[in-house]
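[1] structure of the sequence below:
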Amino acid sequence: MFTTKQKRAILLRDGKCRLIGCDIRGPLDVHHLIPRSWGGTDSIDNGAAVCAGHGRHHEQLVPHGPYILLGNPNQPDGLAMIHTDDLPALAQLAAQQANRDARAGPDAA
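    Below is the predicted model:
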């Protein structure tokens, strides 16, 4: 679970729902990009603000919904919502992340 300070930092960083095209600024929940039940951590880099409430984005995301929100939450356009059945898109996103990590090198800050 994210601490109160972590949630505050994520909400301050994001400012609104992080899904592309959504400008809702509240109410917001902090969502684990990789759920804890899947081995995800409680680090700020594994969290993103998403709109909450009935019919909003948070309930559509794993582990309860069929979509995964993946990418780099520290980049303004760094996240993508991908359906869990879209394996080619998931593979492409994983390859892009691996390329970014390889270019950054072990001494990257």
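
[2] all helices of this structure, in order?
    Secondary structure of the chain by DSSP state H: the helices cover 4-14, 87-104.

[3] okay, the ones you listed, which one's buried deepest?
    Greatest average neighbour count among those goes to helix 4-14 (a mean of 14), per mean count of other C-beta atoms under 10 Å. To be clear about C-beta, it is placed using only N, CA and C from the backbone, and glycine gets the same treatment.

[4] for that one, give the mean pLDDT please.
    Throughout helix 4-14, pLDDT has a mean value of 97.

[5] before we move on, what about stretch 25-40?
    91.

[6] what comes up buried for it?
    The neighbour-count check on stretch 25-40 (16 or more other C-beta atoms under 10 Å) flags Leu28, Asp29, Val30, His31, His32, Leu33 as buried.

[7] go on, stretch 13-22?
    Asp14, Cys17, Arg18, Leu19.

[8] next, count neighbours for Asp42.
    For Asp42, the count of nearby residues is 12 (other C-beta atoms under 10 Å).
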